[in-house]
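> For reference, the sequence and a predicted model appear below.
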Amino acid sequence: MSIAEQPYTPPVTQAVANLAAVQRALLKWHAKHGLRAPWRETRDPYECLVAAVMAQQTQMSRVMPSYERFVAAFPTVEALAGASTGEVIRVWAGMGYNLRAVRLHRAARQIATSGWPRRRADLAAIDGIGPFTAAIIASFAFGEAAGCVDTNVRRVLGRLSGGEAIDGKPLQTLADAMVARKDPARWNQALMDYGARVCGVRPKCGECVVAQWCASRERYAGTSRQVAEPRPVYRAGVVRKHEAPYERSTRYYRGRIIDVLRALPPGDSINVARLPALIAGGAAAPTIADTQALVAALERHGLLTVSRRRVSLPG
Ligand code: SF4
């Protein structure tokens, strides 16, 4: 029986033994092995916002060039707020998950009007900013002891505490309680990096600097085995993710439509009837009805506009 199949009821103590020692060990590890990136050396909330939105669902290696290009195009929150949504989507090219660009733009417009909130709760109240991004800005830019919970952090905290099923509010409470008060930004970075490099899907317990305090150490001892993680679920669409390769998924076709629109000169539009052939790529062309449904969904999300059957990026 693989480790992923073993029945496991976590003790859910949700407390990490010897927290001070764990903090010291992880911060020391991070000083030597942590990822260095421009947004980690700044306290500029705008740069933290851009980086946090980009880092979601995208590997750090892909984020770096895109981040630099984006910040060069829109150096301040006011510059981003003053751009059209179409311009923002164009500069977002290569990042995927284009809806993030729309949400980022929406958040920038609210902040440019009302100013920067400093507290996580107030940041999270901004349309376009989720709990993770709010925690990044609050801790990186304003020093709040807010725990940033991404997939990697969830894995590390779950294993350390012996409650791998932990999620939602209990997980956030645990993450907040564990933040090193002297340097919340470095602490969050350390946990994220540790989950990416040591306590990953295949945990490297043999080289783990906090193994002696880890409640899951026995479970993974000497294995370095891969553990199944929940697969992403894509809701309503032309084809469900589990049933088709990426090239025929809703996400693929949505991305292709935006790519086609990006390739048009600014202000140009295209007849929706031409889209099926253009977005097919190496896959079968979707029907016109499916294409229209995709276009309608993208319009609802603010990613394009439709006028008299002609489609364009938003002005
Ligand atoms: Fe992760 Fe293994 Fe370290 Fe525990 S001992 S924190 S499971 S790498």
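That came through, no problem. Numbers count the residues shown, from 1 in each chain.

> how much distance is there from the helix or strand hosting residue 46 to the middle of the chain?
In the assignment (DSSP states H and E), residue 46 maps to helix 45-55. On the basis of CA atoms, centre = their mean, to the nearest Å, helix 45-55 sits 10 Å off its chain's mean C-alpha point.

> now swap in stretch 100-111 and tell me
Chain-centre distance of stretch 100-111: 15 Å, with CA atoms, centre = their mean.

> Can you tell me how far the closest residue to residue 123 other than its chain neighbours is from residue 63?
Nearest residue to residue 123 in three dimensions, chain neighbours excluded: residue 134, at 3.9 Å (CB to CB, 6 or more residues apart in numbering). In short, each C-beta sits where N, CA and C put it, glycine included. With distances taken as CB to CB, to the nearest Å, residue 134 is found 19 Å from residue 63.

> What of residue 102?
According to CB to CB, residue 102 stands 18 Å off from residue 63.

> Residue 138 now?
20 Å.

> Ok, residue 150 next?
For residue 150, the distance to residue 63 equals 13 Å [CB to CB].

> quick one: common contacting residues for those two?
Common neighbours of residue 150 and residue 63 are listed as residue 55 (criterion: CB atoms under 8 Å, 6 or more residues apart in numbering).

> count of neighbours near residue 257?
Residue 257: 25 surrounding residues under other CB atoms under 10 Å.

> ah, wrong one, I meant residue 125
12.

> who's in contact with it?
Residue 125 is in contact with residue 117, counting by CB under 8 Å, 6+ apart.

> hang on, the earlier thing: doesn't the residue nearest to residue 123 belong to a helix?
Yes. Counting by DSSP: H, G, I helix; E, B strand; the rest coil, residue 134 is located in a helix.

> Next to the ligand, which bits of the stretch 51-200 of the chain? Give me the list.
156, 159, 160, 198, 199 (CB under 6 Å from any ligand atom).

> Kindly provide the distance from the nearest residue to the fourth one once chain neighbours are set aside to the ligand.
Taking CB to CB, 6+ apart, and ignoring the residues beside it in sequence, residue 198 has residue 204 as its nearest neighbour in space, at 5.2 Å. Taken as CB to the nearest ligand atom, to the nearest Å, the spacing of residue 204 relative to the ligand amounts to 6 Å.

> can you check residue 65 too?
30 Å.

> Kindly tell me how buried that residue is, as a neighbour count.
When neighbours are defined as other CB under 10 Å, residue 65 has 11 of them.

> tell me which element it falls in.
Applying DSSP H and E, one finds residue 65 within helix 60-73.

> Show me what the helix or strand harbouring residue 188 packs onto, helices and strands only.
Secondary structure assignment for residue 188, by DSSP H and E: helix 184-197. Helices and strands touching helix 184-197, by 3 or more CB pairs under 8 Å, 6 or more residues apart in numbering; DSSP states H and E, are helix 19-33, helix 131-140, helix 151-161.

> Show me which residues of that helix are buried.
184-196 (16 or more other CB atoms under 10 Å).

> how about the residues you listed in JSON lines, adding pLDDT?
Output for the buried residues of helix 184-197, formatted as JSON lines (pLDDT from 0 to 100):
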{"residue": "184", "pLDDT": "97"}
{"residue": "185", "pLDDT": "97"}
{"residue": "186", "pLDDT": "97"}
{"residue": "187", "pLDDT": "97"}
{"residue": "188", "pLDDT": "97"}
{"residue": "189", "pLDDT": "96"}
{"residue": "190", "pLDDT": "97"}
{"residue": "191", "pLDDT": "97"}
{"residue": "192", "pLDDT": "95"}
{"residue": "193", "pLDDT": "94"}
{"residue": "194", "pLDDT": "97"}
{"residue": "195", "pLDDT": "96"}
{"residue": "196", "pLDDT": "93"}
